[in-house]
Structures are given as C-alpha cells and as structure tokens.
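Chemist: Could you work out the structure for the sequence below:
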Amino acid sequence: MKRKITGICLMVVMILSLWYGMSLPVESAAAFSETEQAVDLNQSMEGLENGADSEEDETGDTEDTAEDEADGENDTDEIIIDAEECEENLTEDIPDEDAAAEFPDISIETADNDNGAEEVFSAEGDEVDEFDTADPEAMVARATSSVPVKWVAADYQMRSEYAFTYAFRANTSSLVSISRYNGTLNTKMHNWYGDERGFTEEYCKTFLGCVIDDQDYADPITAIYSNVGEYNGKIVDLKVTAVKWGPVNKNHIGNDGRNIIPCILFYKNRIAFNTIGVGTVRFRFEFLDHATQNKISPKGHVTLKDLDAGQGIRVYDGWGVNRIYLRKGYNYLKKTTAMIANGAVYNELTSPEGEDIDTDDVKAWCQLDFDGYFMLNWNSQESWNNETYPQNAFFLTTGKTVGTYEPNPKPEKRVGNDGAAYNSMTKHESTRTDPPYGIKEGKNYDYVIAQRLMPGSYSSFVLKDTLDSCLKFRSGSVTTSAGKDVTSRFRIENTKNTITFTANTSYLKSEEAFNDVTYYFRIKVTAGSNTVISSHNHISQNGSAYSIENKASRTIVSDKIKDTQQTNSSWVKGEIPREIPDGQIVITKRIREQDIIWAHGNPVFRFCVTGTDGKGISHAYEDFVEFRKGEYPTDRGYAVLSCTFSTIPLGRYTVSEKKTLRYVFESITAQTANVSLNDRTGTVTLDKNNKKAAVTFTNKKTKYDRYSHTDVIRNKISIRH
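Modeler: Residues are numbered from 1 along each chain as shown. Coordinates of the predicted model:
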C-alpha cells in the first residue's frame, strides 16, 4: 500500500535524520541484515564510507540529473509507505518424505511432517524484516541512494571489470542441491494451474518446489547451481538463498478447487524462480569455487528479464549492488528511491500493473552490477494478494546487457612446446626480451590464440590462421581458461594450410558461449624438412638461420557491430646445419698374384690426390697400399687392395699413381660416373649430389732380375688437447 505523508511528517523525520548523523546508514543496514550476512554487509558499508561507490558513473556524470529524468527516470516527490497485513489459516496436504527419491542426483532435505496428511500454515502482516519494528507512518521517501541508477543506450559502453556473469550452461550446469523440497508440489501445480496456464505435466517436472510460510516453513531455502560460469580460470557455482519472504496468502484457489500452497519454485533446467502466493521474496546470490566450494567474490553483472505486469525489485544500499542500468528511451519501469524509518535507503523498480510484455523486450530489463555478491527483494504484482484466482510471479535472469561490452578485446597469440599450457608460453614477438621460439626439422610445437568473449548477442564467430606452407598442420582444439574442452562447439577446417575455427550457431546463441569466457584455440604443427624450409626463402643472407612469422585474425558479428582484429605476430626460428664437406675417393690396386715374389719385398704402390675445393682452396693428399702375404683378397687371379681418401672438401681433384719398383702402369678404370679419365690419371668431381668417387689402377710386373726390397712405414702422431 502506498500513500503520501504530510510535509510535517517529512520535516520531523529529516530532523531525526540529522540527529542520528553519519552513523545512520550503517546502523540501519545492520537493522535489517541477518547474522550470517553481517560480515559482507559491513564490508560493503565500509566500502561506501571509503568512497568505493559514488553517484557518478565512469564518465563522471551524476546519475540523478534532469537529463536522465528526461530519458525516462521516474523519480517522484512521493512519500512511500509499504504495509500489507493478512492473517489467515489454511489446511493443505504435505508431500511424502520419500518424494526426494524422484531426483537422486540432487541433494535434498525433505520437510518433515509428523501429522502425516495435514499441516497448518499461518501468515503475519508486515513486509519482511525492514517493517517488523518500524512505524509505517514514520517512513521517509525521497532519499539519496549510494547506488546510481542510469538509463543507457544500446551502445553504451559497460565497464569491462563487470563482464563476468552466470548462466545455465546446457549439458554442463545443474541444480545439485536444495535445502528442502516438497515432492508432491509438482503434481499439485499441474492441478492448480493446468495446461491453459502453461503448467503441463512436462513443465511441472522442470522445477523443485519448497513450501514457505511465516511459522512452520520460515527457515531460509538454499539451492546450489553447479558450473554456471568461469572466473579467473575457475569454474563457478552459484548459491541462491531465499533469505526471507513477506506475508503469504493461502486463499488463492486452483483449477481443482483447492487452496494453493504458498511456495517458491527452483528450476532444474535454467536459473529461474517462481514465487507462488507471496508478495515479496528476498534472494541472496553468492558464488563458490566449484573445485573447493569456498566462497569467491567476483565482480560481475546480471540482467533481470521480464519485469512486467506490476512485478519489480527492491535493492537496498549495502546489498552488493554497485550500479543499476535500464534501457534509455523507455518509460516502462518506474524508479523510486526512498528510505524506511530506520534509515535504510533503497531503489525500487516497478512495471505497470497488468501490462504483460514479451520476455525478450529490453524495456522490461534491469541490469545490476555487483561486487562479490548481491541481494534483492523480488516483488510480485499487487494483485497477488487482492485476487483469489491463481497467482505466480516468474523471476528470470540473463547474462545479456542493456548496454554493450563490445568491441571484444584483441586476440593474443603465443607459441610453445607441444601440449604446453597457454600461460607457460610467450608471444615470441622477435624482440630482445621476447626472442623467436626455437624449432628444428620435424619438431612438433603449438600455436595458441586466446580470445576473451564478452557478453553480447552474436551471430558469427570465425578465427583464421594461415600457416606457412613449410609447416604441417596436425590438429586443432578449443578449450576455455578453466580447462573445459569445447572443441565440439566449433567447426575446424584446413584449406591449403589456412586453419579456420567457426563457432556453431546454436552454441553462439547460448549464454554459455559469452558469459565472459576466454577461449584458447590450439593449432598443432610440425616443422617441415630443412630442404623445404630452405626452398621457401626463409634463410637469412650469408647464413643458415631462418625465421617464420605467423599471425591470426578473428571476426565477431553481433547485433551491434562487425569486429575484425588481428593477433600479434609470433615468430619461430631455427638453423639449417652447414654441410660438412665429407667427399671420398677410393683407389683400388690390382696386380697379378703369380707375379708376386716375396723375396723382392712386399709390393707397395703410392697414390696422390690434388686439386681445389668449391671455394678455390688447394688440397693435396697421399696414401698407399702394401700387399702382405696372406692379407689381401683375390679376384680372378689378381691380388686386390684399396685405400680411401676421406673428408675431402667438395671440389675437383686429379688422381694419379707414383712410380714403384719392378711394376709399370697398365690401365686405369673409373668405377663412378663423376670420374673422367685422361691417359694415366683420373679427374674426380665431388659435389653435394656426388660425394663419392672410385678408380682402379692395374699394374704389371716387368722386372724380375737382380736384388731389391720394398717396404713402407706409416707414422702416427698423437695430439693431446
């Protein structure tokens, strides 16, 4: 009930306010906070006293200005009083204790009922605790709230530090626990409301119902939704507590002619709530680390949808809400800023009574920026208590915004070891402090591109990376910063070494995709052969080092902008080892075995190799063969021995034989194609394609008379390092 108070009352209260002084906001906040909320609330109030929140937005504009009022604010000079009284008793069936077995995956505490079939409910008159001890006539309206309320255009740039939000993520999120649950309420809902109001049998399986009352069922109700978002690389759970509620009405009659039990419905397939037969419910939203269940305190936002037909919210200063935004240009949601007698200041937003609109109509959206947690009072339409036919108020949230967080941040590219974590990699931008990443022939390594996707309404997301053709694409994958594999949500294609990641349209439209998630796009590659890399002109002049640059680009299309941005450049670098000149010339000597007379000494033959290498440097080498009794092979009556000239620089050389006793030159034969013959010598060409050469000298014995002896000794010199 709302009515104006005279100016005299206003003056009295203003004097009282001055009397209490600066301590009033803290004292009044404590007056309506629960014991379990005191720490957070006190912290919030301390932040306000220290100037953490102001009435100015990020551009410095004061929120409550004449310009804002012209854009649609609806402040009035009314003195507001809210007081509802009803005292009724209602007898109704209570669910079985075994009903929880229907939902084995949810932790549930069932409501006990010693009487078996019936339970008595009662209601008390005042709206939650802020009116329990206050005299309604002493309430003061028109107050200054520390929480700015601003009407903004669709392209208004929201603060990026509040981009985190929660959402029910398909095949990921779930309602995992609820503090108490009444199993037969699902069937009763169908009987009370019927198919014509959308409460089909299937729909009634999508929620869990908790009876509320002012006496027997007055304890808070807590539900936990698992895996609703990611924050700073952690999976986040959402803890929702129905802290208190206002008076309930048990006189609503269902389609089956029976009284409707006041209750709150918690949905299993989305984060939404339905309040039945109650005017106000206070919800508290907190966040938990999914892995540890420890409380975390993210900054973020949430948008309340479908505030229509007289429904609304009330947010008190110190309830974790930093700012409130509505869409500019509409006069649908009415704002009231006021205080109650104990000095507690609130902002209330209310839609026109009886005027329904579409759920996705942004004029009935209200966005809240929160810091760590937030609370709000969810208010039903006024008719919830005035009519006897079925009443319910559906409370739904979204991660979308009334302004925008776009354009999205620039994507960042890094390169590192095969399978390495993104945070262990660097950009390798080829600077003194961030040199290129080292690779070698055949090495496996990864490129990873990080893209933070802010809340928005997107129709297309495409990331492309063209690899140099001397690199081989192996595979691609997509994960989030919290480690979730979402590769299946993207189509990955490789066309002529251009790797393309395209988000599936259905996934991109889901709030799971854009509730401030950072994606890691991993491209696994293998470095090509040195021959391939050399042929691609990556080699630096007068050297064997090579460098390969790589960058990617991504395009995101939303209902606001088309945004294309490139990553930084990532460089890889390697070296192709210089080829060590290891040419080889094999010289073979053939003599008739029957010509050997051991009394003449061992037959010894000496050879020379002379010439120049590819750089024009001259080289000369000598070697010999010595036939010893029983230490040589034979070939069709010939004794055969060979010597090898190794580690000869590639180049052009002449092979010749020195004169020896009793034997003369008979012939020379080329064993490889890179040897040309000229009388008694051979010319050898050694290059990278023909590193080996072979020739054969055949000699015959011509002198058998007189005395002679031949011998040879090979000296070895040791070098100590």
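
Chemist: quick one: contacts for the spatially closest residue to Thr518 that is not a sequence neighbour?
Modeler: Excluding its sequence neighbours, the residue lying closest to Thr518 (CB to CB, 6 or more residues apart in numbering) is Ser481, at 4.1 Å. To be clear about C-beta, it is placed using only N, CA and C from the backbone, and glycine gets the same treatment. Residues near Ser481 by CB atoms under 8 Å, 6 or more residues apart in numbering: Glu230, Gly233, Ala450, Val517, Thr518, Tyr519, Tyr520.

Chemist: Name all residues that make contact with the second one.
Modeler: Right, Gly233. Contacts for Gly233 (CB under 8 Å, 6+ apart) come out as Ser481, Ala482.

Chemist: again with the fifth one
Modeler: When contacts are counted by CB under 8 Å, 6+ apart, Thr518 is found next to Glu230, Ala450, Gln451, Arg452, Leu453, Thr480, Ser481.

Chemist: TSV for those residues, including secondary structure?
Modeler: Below are the contacts of Thr518 laid out as TSV (DSSP: H, G, I helix; E, B strand; the rest coil):
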residue	secondary structure
Glu230	strand
Ala450	strand
Gln451	strand
Arg452	strand
Leu453	strand
Thr480	strand
Ser481	coil
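
Chemist: Return the members of the residues you listed classed as buried.
Modeler: Glu230, Ala450, Gln451, Arg452, Leu453, Thr480, Ser481 (16 or more other CB atoms under 10 Å).

Chemist: partners of the second one in the sheet?
Modeler: Residues in a beta bridge with Ala450, per DSSP bridges, are Glu412, Tyr520.

Chemist: Where do the helices of this structure begin and end?
Modeler: For the chain, the helices defined by DSSP state H cover 7-20, 24-31, 38-49, 66-71, 185-193, 383-386, 505-509, 511-514, 530-535.

Chemist: helices or strands up against the fifth one?
Modeler: In terms of contacts (3 or more CB pairs under 8 Å, 6 or more residues apart in numbering; DSSP states H and E), helix 185-193 is packed against strand 207-211, strand 263-267.

Chemist: Now the first one: buried residues?
Modeler: Just to be clear, that refers to strand 207-211. Buried residues in strand 207-211, counted by 16+ other CB under 10 Å: Phe207, Leu208, Gly209, Cys210, Val211.

Chemist: Out of the helices and strands in the chain, which is least certain?
Modeler: strand 118-122 (a mean of 28; mean pLDDT, DSSP states H and E).

Chemist: Now Ala694. Nearest residue, chain neighbours left out?
Modeler: Ala694's closest residue in space is Gln671 (CB to CB, 6+ apart), at 3.6 Å.

Chemist: In this protein, where is pLDDT below threshold?
Modeler: Within the chain, the stretches with pLDDT under 70 are 1-143, 541-543, 578-581, 718-721.

Chemist: Run through the bridge partners of Ser477.
Modeler: Beta bridges link Ser477 to Arg522, judged by DSSP bridges.

Chemist: Please report how far it lies from Ala344.
Modeler: Distance, Ser477 to Ala344, by CB to CB, to the nearest Å: 52 Å.

Chemist: More neighbours: which of the two?
Modeler: Ala344 (24 against 17; other CB atoms under 10 Å).

Chemist: wait, doesn't the more buried one sit right on Val315?
Modeler: No: taking contacts as CB atoms under 8 Å, Ala344 lies outside contact range of Val315: 11.1 Å.

Chemist: who touches Thr696 in this structure?
Modeler: Ile587, Thr588, Lys589, Arg590, Ile668, Thr669, Gln671.

Chemist: Now with 6 Å, please.
Modeler: Contact partners of Thr696, counting by CB atoms under 6 Å, 6 or more residues apart in numbering, are Thr588, Thr669.

Chemist: Next: Ile276.
Modeler: Applying CB under 6 Å, 6+ apart, we find Ile276 in contact with Pro262, Cys263, Asn392.

Chemist: In this model Val248 seems to touch Gly277, though I could be wrong.
Modeler: Yes: Gly277 sits in contact with Val248 when judged by CB atoms under 6 Å, with a separation of 5.4 Å.

Chemist: I am finished for the moment; much appreciated.
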